[in-house]
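>>> Give me coordinates for this.
(2 chains)
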Amino acid sequence: MLKKRLIGVVTIKDSWAVQSFGYKNYLPLGRPEYLVENLERWGVDEIFVICIDRSKHNLGPDFSILKRISSMGLSTPLIYGGGICTSKDAASVIQLGAERICVDAVIHDNHEQIREMAELIGAQALIASLPVALKNNRIHHYDYRSKKSVPFTENKSSLLSQGIISEALVIDWKNEGKKNSFNLNLIKYFPTKNVPLIVFGGLSESELIARAFDYPSVVGAGVGNFLNYSEHALQILKNGLLRCAIRPNTFCESEKRH
Amino acid sequence: MKRLIVGIVDYGIGNYASLQHTLNKNGQRCRISQDHNILNECDILLLPGVGAFRPAMEALKKRGLDSFLLQQARFKRPILGICLGMQLLADGSYEDGYTKGLGLIPGEIISLNNPRWHIGWNEIEILKNDILFKPSKKKSFYFNHSYTYQGPDEFQVCMSMSNKRIISAIRREKIVGVQFHPEKSQLAGSTLLNHLFREICHA
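Numbering: from 1, shown residues only, chains lettered A, B, ... in the order given. Here you go, the predicted model:
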């Protein structure tokens, strides 16, 4: 059976990897390639590189970073998000080495573009990034450009259930960067039931991730800076998730080989 | 021992440079080309692929690579298709209407349906004790597809379980297809590729 995935997330702003807190405060970490290299070595199930300043400034995808990462010869699947507005952008990102892409701003702006992307690169390569919060048990969708939250519309639910997007990345944006704080009610009250979910934001401990994995709709969990706080963080997380259907640690096997 | 040369068939769809970097890191020498003469000098041909079946077949035909691959198969040149590359080896696909494939391995490509995708890491089971896959028994590999192979049992060499049985590798003599991405499957993938290249070239 398919394993639930632990996804290493690298957040990039102004071409630098950053620690992000609640979508508003950022601390620099260093060159993105070094973080990607570590995630690959530790054996995360997927690497998600997200450039958070591209759509806001209409910069398009960061092809320069993609080229640098591509030249590293990763043997871990790569998801890229940031600045993807058109099917041409999507195709270029795939050509540069990402297995899958993640879109955010275009979900607010233009669903026709998403359909075109799905036709060109396939729905299996398309993930919807959804920064959300709960108000009165109702999901509200946050637009990081306008800094406004609006109720999750029927139109967006329908987009997710049509099969042109294969997974939704549910981001607890308010708790992003805050230890052990992901709000599990975001999964419970998520309006579309037939789309697989990846959860992200405030997931630092295996117990909370395991509780998220208990929901059948959750197929993966994104972990960002928490992987950098302590040694062997990924191995510790994976060991704590042994009761879930995950891919076991591979770090020791890989290290022996090197 | 002589290092094998892997010829990555460049038909304009996919990221060949990234694949080359991964294979180089894994110890393989690679050539990326659509030139028949260059590919002809390689020990094994690798047919990668991302995207949809129809444009991929059109791209192969446009470059005369469809007839080249058929000719190479007749010459018993080992060929490995990865993901969409595996699907292209079949007789045809029902993705977006029906499109004829290379017809190197009998069978058709059909939609997965419910669930519509098979994405993530899954174990493979070896169906015929095939020597190419022996070291990979019960290992997990990375999958990312929404269409799947359906064909005669004799060509099915590995399967994986999702809600249903998914054929994860097919083989007809020296022509092999894998539905998963060994190049993106970390140590399990590199072990499989090293073993498969060595065994199939010396079979």
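>>> what about the spatially closest residue to A:Gly60 that is not a sequence neighbour, neighbour count?
Here the nearest residue to A:Gly60 in space, its sequence neighbours aside, is A:Gly83; by CB to CB, 6 or more residues apart in numbering or on different chains that works out to 4.6 Å. Using the backbone N, CA and C atoms, a C-beta is placed for each residue, glycine as well. Neighbour count of A:Gly83, defined by other CB atoms under 10 Å in any protein chain shown: 24.
>>> got it, and B:Gln34?
The number of residues packed near B:Gln34 is 18, by other CB under 10 Å.
>>> who's in contact with it?
B:Gln34 makes contact with B:Val9, B:Asp10, B:Tyr11, B:Gly12, B:Arg63, B:Leu65, according to CB atoms under 8 Å, 6 or more residues apart in numbering or on different chains.
>>> measure the third one to chain A for me?
Just to be clear, that refers to B:Tyr11. Distance, B:Tyr11 to chain A, by CB to the nearest CB, to the nearest Å: 13 Å.
>>> With just CA atoms, put the longest strand along chain B into PDB.
Determined from DSSP state E, the single longest strand within chain B is strand B:165-172. In PDB, the C-alpha atoms belonging to strand B:165-172 read as follows (Å, rounded to 0.1, in the frame of the first residue of the first chain):
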ATOM      1  CA  ARG B 165      -3.400  -4.400  -8.100                       C
ATOM      2  CA  ILE B 166      -1.100  -2.100 -10.100                       C
ATOM      3  CA  ILE B 167       1.400  -3.500 -12.500                       C
ATOM      4  CA  SER B 168       4.700  -1.800 -11.600                       C
ATOM      5  CA  ALA B 169       7.100  -3.500 -14.000                       C
ATOM      6  CA  ILE B 170       6.800  -5.300 -17.400                       C
ATOM      7  CA  ARG B 171       9.300  -7.200 -19.400                       C
ATOM      8  CA  ARG B 172       9.800  -8.900 -22.700                       C
END
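>>> How about B:Ile119: what's its closest non-neighbour residue?
Distance criterion CB to CB, 6+ apart; nearest residue to B:Ile119, sequence neighbours excluded, is B:Asn144 at 5.2 Å.
>>> Can you list the helices and strands that the worst-scoring helix or strand of chain B on mean pLDDT packs against?
Sorting the helices and strands of chain B by mean pLDDT, DSSP states H and E puts helix B:16-25 at the bottom, at a mean of 82. When contacts are defined as 3 or more CB pairs under 8 Å, 6 or more residues apart in numbering or on different chains; DSSP states H and E, helix B:16-25 packs onto helix A:63-70, strand B:5-9, strand B:29-33.
>>> Now it: buried residues?
B:Tyr16, B:Ala17, B:Ser18, B:Leu19, B:Gln20, B:His21, B:Thr22, B:Leu23 (16 or more other CB atoms under 10 Å in any protein chain shown).
>>> Can you tell me which of the residues you listed comes closest to A:Arg247?
Minimum distance to A:Arg247 across the buried residues of helix B:16-25 is 18.9 Å, recorded for B:Thr22 (CB to CB).
>>> Please verify my assumption that the closest one contacts A:Met72.
No - the criterion here is CB atoms under 8 Å, and B:Thr22 misses it with A:Met72 at 9.1 Å.
>>> list the contacts for the residue of the stretch 51-200 of chain A found nearest chain B?
Of all residues in the stretch 51-200 of chain A, the one sitting closest to chain B is A:Gly73 (3.1 Å; CB to the nearest CB). Neighbour list for A:Gly73: B:Ser18, B:Gln20, B:His21, B:Thr22, B:Leu23, B:Asn24, B:Lys25 [criterion: CB under 8 Å, 6+ apart].
>>> got the contact list for the last one?
Put plainly, it is B:Lys25. A:Gly73, A:Ser75.
>>> now the helices: where do they sit in the stretch 101-250 of chain A?
For the stretch 101-250 of chain A, the helices defined by DSSP state H, counting those that start in this stretch cover A:105-109, A:111-121, A:154-161, A:185-188, A:206-213, A:226-229, A:233-239.
>>> closest to A:Phe63 out of those?
Of all the helices of the stretch 101-250 of chain A, it is helix A:111-121 that lies closest to A:Phe63, at 16.0 Å by CB to CB.
>>> Return the list of helices and strands in contact with the closest one.
Helix A:111-121 packs on helix A:87-95, strand A:100-103, helix A:105-109, strand A:126-135, helix A:154-161, going by 3+ CB pairs under 8 Å, 6+ apart.
>>> In a markdown table, list the ones you listed along with mean neighbour count, mean pLDDT and distance to chain B.
Output for the helices and strands packed on helix A:111-121, formatted as a markdown table (neighbours: other CB atoms under 10 Å in any protein chain shown; pLDDT from 0 to 100; distance: least, CB to the nearest CB, whole Å):
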| stretch | mean neighbour count | mean pLDDT | distance to chain B |
| --- | --- | --- | --- |
| helix A:87-95 | 21 | 92 | 5 |
| strand A:100-103 | 24 | 96 | 7 |
| helix A:105-109 | 18 | 91 | 19 |
| strand A:126-135 | 20 | 96 | 10 |
| helix A:154-161 | 15 | 91 | 11 |
